[in-house]
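# No letters, just coordinates:
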Ligand code: P5A
């Protein structure tokens, strides 16, 4: 993409309504525009990151054997009357009437609808286990929408639902989700810690939230610092292997880590003092096992091998896809702007032309652009007729992890400069080497 042809409405001024850094940078970098409290348009740069995050979620869900579908944003109220949640959900639910006077709602979550899909189509244990998921907009009429996409009213969620024959099988689904989420967040450059939590309106006993530590997080968390040493890394997991998944879950759930809702002071005090940590955290996901809470009242049953009808055991599993943009920025920025982890960056590399209109510099930039594109990478070429300082400031603000700077002086010696956004380190090299280096960086991602 050439910047001169792109739509990147960056702001020079710091927007006064934004209280936290991720919100400020998302507005300043022209990623989002607020349309109403907690409701945003996703401008091209923000939309691009959103799509990259979705892509990682889809890839990791596929790896775990989960199946994508798409349910609507609007749901009939009658489904929620069946589960008893229509009245329970309260003012957070946006209730709508259609022209025929029928009650609809803008879905805050999809347990009822997926249970309806299941009961209409599945009746035998032979079709289990089954996990279906989608990535779809949700609406929760939050009392205090704030911090930009972090606590929106309309927000994008990945929500998945497992259907299993019994509790053991459903706990395996729970574990499988925990493992796949650990992998998912790591690919986004995040350390998200599973913490024992409260299940709220979704229900059930077993639930973990995934929290990214950040001063601006809305949750208070208590943890053993030993958990920070755990890395998922490149290990390959057989998601069908119950023991293998359970072992990984044990590894991550043994060190103490809880939100304030489930905090146990006695257990916490048993940790060696230097490892006892209290902090704030951003909740980027939550997984639940709730047994037959929905299948029972809604009649989602299967026939077992011995011929009896039994309600299926279920759980649901959510990732805050749009909130993740805020969480990633909170975890990765400096005073000049965002620093995208390679896994989610909107463009792989920036190209800055220091002397737009200079034949040699223009040709070198174009050649770099074409070579990177030919390798399947997406560069953002700043071809505007602007001062170098302004171009650098834009690149720093929008946070592309790598930048190639091209100027007449370097070109005389046959070199360009490759700069890391994270470390600020610059190395001179030939254009071909710069292309090879960028390609190498992204090869493993
Ligand atoms: C799990 C999937 C559920 O709704 N039902 C389907 C279960 N869980 S949850 O914890 O309530 O939400 C899942 C994740 O969605 C994000 N989230 C939000 N993101 C932005 N703005 C909001 N107002 C908001 N509310 C929830 C969180 O990341 C949460 O973990």
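Nice, I can see it. Because the structure is predicted, anything quoted here is derived from the model rather than measured.

# Run through the helices of the stretch 201-350 of the chain in chain order.
Along the stretch 201-350 of the chain, the segments classed as helices by DSSP state H, counting those that start in this stretch run 242-253, 265-269, 295-298, 321-331.

# Output the contacting helices and strands for the first one.
So that's helix 242-253. For helix 242-253, the packing partners by 3 or more C-beta pairs under 8 Å, 6 or more residues apart in numbering; DSSP states H and E come out as helix 167-187, strand 192-196. Using the backbone N, CA and C atoms, a C-beta is placed for each residue, glycine as well.

# give me that answer again for 6 Å
Here helix 242-253 touches helix 167-187, going by 3 or more C-beta pairs under 6 Å, 6 or more residues apart in numbering; DSSP states H and E.

# circling back: and among the helices of the stretch 201-350 of the chain, the most buried is which?
Burial of the helices of the stretch 201-350 of the chain is given as mean neighbour count (mean count of other C-beta atoms under 10 Å); helix 321-331 ranks first at a mean of 26.

# ok now that one, how far from the chain's centre?
Distance, stretch centre to chain centre, for helix 321-331: 7 Å (C-alpha atoms, centre = their mean, to the nearest Å).

# again, but for stretch 240-251
Centroid separation for stretch 240-251 versus its chain: 23 Å, with C-alpha atoms, centre = their mean.

# for stretch 426-442, same thing?
Distance of stretch 426-442 from the chain centroid (C-alpha atoms, centre = their mean) equals 29 Å.

# For it, buried residues please.
Buried residues in stretch 426-442, counted by 16 or more other C-beta atoms under 10 Å: 429, 431, 434, 435, 438, 439, 441, 442.

# okay if I get the helices of the stretch 201-350 of the chain as CSV plus distance to the ligand?
Output for the helices of the stretch 201-350 of the chain, formatted as CSV (distance: least, C-beta to the nearest ligand atom, whole Å):
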stretch, distance to the ligand
helix 242-253, 17
helix 265-269, 23
helix 295-298, 15
helix 321-331, 4
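
# So for residue 89, which of the ones you listed sits nearest?
Evaluated with C-beta to C-beta, the helices of the stretch 201-350 of the chain place helix 295-298 nearest to residue 89, the distance being 15.2 Å.

# Give me the buried positions along the longest strand that the chain contains.
If you go by DSSP state E, the chain has its longest strand at strand 276-291. By 16+ other C-beta under 10 Å, the buried positions in strand 276-291 come out as 277, 279, 281-291.

# Residue of the chain closest to the ligand, please.
With C-beta to the nearest ligand atom as the measure, residue 320 is the residue of the chain nearest to the ligand, at 2.2 Å.

# Apart from its chain neighbours, what residue comes closest to that residue?
residue 284 (5.3 Å; C-beta to C-beta, 6 or more residues apart in numbering).

# So is stretch 75-89 next to the ligand?
No. Interface with the ligand: stretch 75-89 contributes nothing (C-beta under 6 Å from any ligand atom), its closest point being 11.3 Å away.

# which sections of this protein are below the confidence cut-off?
Within the chain, not a single segment meets pLDDT under 70.

# interface residues of it facing the ligand?
Within the chain, the positions near the ligand by C-beta under 6 Å from any ligand atom are 109, 140, 142, 151-152, 155, 157, 159, 202, 283-286, 288, 316-318, 320, 322-323.

# all strands for the stretch 1-150 of the chain, in order.
Along the stretch 1-150 of the chain, counting by DSSP state E, counting those that start in this stretch, strands occupy 32-36, 39-42, 67-68, 74-76, 94-97, 103-106, 130-139.
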